[in-house]
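> generate a structure from the sequence data that follows.
(2 chains)
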There are 2 protein chains.
Amino acid sequence: MNDEHISSAFDRDLETVQALIMKMGGLVEEAIMNAAISLDTRDEELAEKVRAGDRVIDDLEEQIDQETARTIALRAPTAIDLRVILTVMKIASNLERIGDYAKNMAKRTTVLAQMTPITGATSSLRRMARETERMLRDVLDAYIQRDAALAREVIQRDHDVDQMYNALFREFLTFMMEDPRNITPCMHLHFIAKNTERMGDHVTNIAEQVVYLVTGTMPEDNRPKSDKTSLDPKVSPQVGA
Amino acid sequence: MNDEHISSAFDRDLETVQALIMKMGGLVEEAIMNAAISLDTRDEELAEKVRAGDRVIDDLEEQIDQETARTIALRAPTAIDLRVILTVMKIASNLERIGDYAKNMAKRTTVLAQMTPITGATSSLRRMARETERMLRDVLDAYIQRDAALAREVIQRDHDVDQMYNALFREFLTFMMEDPRNITPCMHLHFIAKNTERMGDHVTNIAEQVVYLVTGTMPEDNRPKSDKTSLDPKVSPQVGA
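Residues are numbered from 1 along each chain as shown, chains lettered A, B, ... in the order given. Got it, this is the predicted structure:
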């Protein structure tokens, strides 16, 4: 943002939309952690709260879309102002997707609560979710502060989430091969791991938008490769052709 | 679109952007089918073509984003014109995601080509991909024709893709329980199935945008529930707690 330009009708509109974004971001952060906790502690009531709460997140996205459209129509922003307002729409869309993944995680709590626990898996998933939630918090800070350096740091941290996912993938394969009764719970846990890894990708999308907003160019090629399992034929040493 | 309003600078800009959307849509349709064919026929060269082609799809999204921003800045559209131009951005974003899933499918071709084939699975996946590709073609038609009825039909057809996915999920569980050597290939195939199901969700997002564009309201609640596996504790009758 250009600090020199005086507070205008556009700025006031933008503040309204940004307040909605921060509210939405806060709810999504909460959803990620509550979904992971409900899974780890088999708390079906908390899982139900996450599922019900997704509606509010979806409504906020619609409200943000309407507000941004109204602002564009009324204020006819150009240059940097237009870039800001279009970025807001993209951030909202990414937040909505992250919320969906959290809801999906919470749904599987109910299913997994009825199965034999897989030792250590849900606490690993909780750590992975916590890291993703922290990345999200930092990227929203980066957005508000217009801090491209922080946004770039978040992009690099996505690598850690990807590594956690790759480690879990191998763990699940081992569990399934050890005992066929582990296959069904591991399929569900694997889904959750993959979805958490995707949440990280969406946080990275937001970080890229922040970098673009501040610098005017998208950060190219420094985005860490996400899912190694699609490239590595030897996903587990125990597995033959 | 309002047929009465005369061809304006905005209309010409919109035509440019729509031509880009159709080009992008065509490439994404091709990517879906080529990814599925490469998987089914173990054609690693074709898979490589799909992977390389995703770059072009990504570039088109960026070009569309820039064109829409330019149009908004220059023409200051309001009401229906603004709705159209913002819808275009959302469609491009969904197309980009579908392209990503196709690329991911193609990546796994290389991995799976080195493993024992799972009977029937890749041809089932190919059918699922073909149905998704047809839905995409129809929804792009619905967009160009401003045909809300066709868009609503596409939303309903997503149900078929979801059912194909649910059937495959059960099949993969059975294969894995029959023989631990099937676990790794089935994990990859399951990913592909899930990603194809997600492609269908993105086509549905586009269809919802088309309905919104034509009618001014989002189609609520008639969207079929996607993934039954997260709700059903008995994903396979053979599996105990």
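> not counting sequence-adjacent ones, nearest residue to whatever residue of chain A ends up closest to chain B?
Closest approach of chain A to chain B (Cβ to the nearest Cβ) occurs at A:Ala76, with a separation of 3.8 Å. Quick note: C-beta positions are derived from backbone N, CA and C, even for glycine. Counting by Cβ to Cβ, 6 or more residues apart in numbering or on different chains, A:Ala76 lies nearest to B:Ala76, which is 3.8 Å off, once chain neighbours are set aside.
> phi, psi of that neighbour?
In terms of degrees, to the nearest 10, the main-chain angles of B:Ala76 are phi 40, psi 60.
> for the residue nearest to the spatial centre of chain A, what are its contacts?
The residue lying closest to the centre of chain A (Cα atoms, centre = their mean) is A:Met199, at 3.1 Å. When contacts are counted by Cβ atoms under 8 Å, 6 or more residues apart in numbering or on different chains, A:Met199 is found next to A:32, A:98, A:101-102, A:129, A:132, A:136.
> that one sits in which helix or strand?
Assigned by DSSP states H and E, A:Met199 falls within helix A:183-215.
> what residues sit buried inside that helix?
Judged by neighbour count using 16 or more other Cβ atoms under 10 Å in any protein chain shown, the buried positions of helix A:183-215 are A:183-214.
> quick check: closest non-adjacent residue to A:Val214.
Leaving out its chain neighbours, the residue that sits closest to A:Val214 by Cβ to Cβ, 6+ apart is A:Ala148, at 4.1 Å.
> any stretches of chain A with poor pLDDT?
Judged against pLDDT under 70, the low-scoring parts of chain A cover residues A:1-7, A:221-228, A:230-241.
> ok, for A:Arg146, nearest residue in space, not its chain neighbours?
Nearest residue to A:Arg146 in three dimensions, chain neighbours excluded: A:Val214, at 5.1 Å (Cβ to Cβ, 6+ apart).
> for A:Ala129, same thing?
Nearest in space to A:Ala129, with sequence neighbours left out and distances taken as Cβ to Cβ, 6+ apart, is A:Ala36 at 3.5 Å.
> tally of neighbours for the one you found?
Neighbours of A:Ala36 under the rule other Cβ atoms under 10 Å in any protein chain shown: 27.
> spit out the contact partners of it.
Each residue near A:Ala36 by Cβ under 8 Å, 6+ apart is listed here: A:105, A:125-126, A:128-130, A:196.
> swap in A:Leu39?
By Cβ under 8 Å, 6+ apart, the neighbours of A:Leu39 are A:47, A:105-106, A:108-109, A:112, A:122, A:125-126, A:192.
> of these, keep whichever come out buried.
Buried residues within those, defined by neighbour count using 16+ other Cβ under 10 Å: A:47, A:105-106, A:108-109, A:112, A:122, A:125-126, A:192.
> ok, which stretches of chain A are helices?
For chain A, the helices defined by DSSP state H occupy A:9-41, A:44-75, A:79-112, A:121-145, A:148-178, A:183-215.
> and the angle for the last one with helix B:44-75?
Relative orientation of helix A:183-215 versus helix B:44-75 (axes from the mean of the first three to the mean of the last three Cα atoms, to 10 degrees): 40 degrees.
> got it, and the second one?
Compare the direction of helix A:44-75 with that of helix B:44-75 by the same axes, to 10 degrees and you get 50 degrees.
> would you mark the buried spots in helix A:44-75?
The neighbour-count criterion (16+ other Cβ under 10 Å) identifies A:46-47, A:49-51, A:53-54, A:57, A:60-61, A:63-65, A:67-69, A:71-73, A:75 as the buried residues of helix A:44-75.
> any idea how far it is from the middle of the chain?
A distance of 15 Å separates the C-alpha centroid of helix A:44-75 from that of its chain, computed with Cα atoms, centre = their mean, to the nearest Å.
> what is it packed up against?
Helices and strands touching helix A:44-75, as assessed by 3 or more Cβ pairs under 8 Å, 6 or more residues apart in numbering or on different chains; DSSP states H and E, comprise helix A:9-41, helix A:79-112, helix B:79-112.
> of those, which approaches B:Thr16 most closely?
helix B:79-112 (10.6 Å; Cβ to Cβ).
> touching chain A at all, the closest one?
Yes - for helix B:79-112 and chain A, the contact criterion (Cβ under 8 Å from any Cβ of the partner chain) is met by B:79, B:82-83, B:86, B:89-90, B:93, B:104, B:107-108, B:110-111.
> not counting its neighbours along the chain, what's nearest A:Met218?
Nearest-residue entry for A:Met218: A:Tyr212, 5.0 Å, with adjacent residues in sequence omitted and distances by Cβ to Cβ, 6+ apart.
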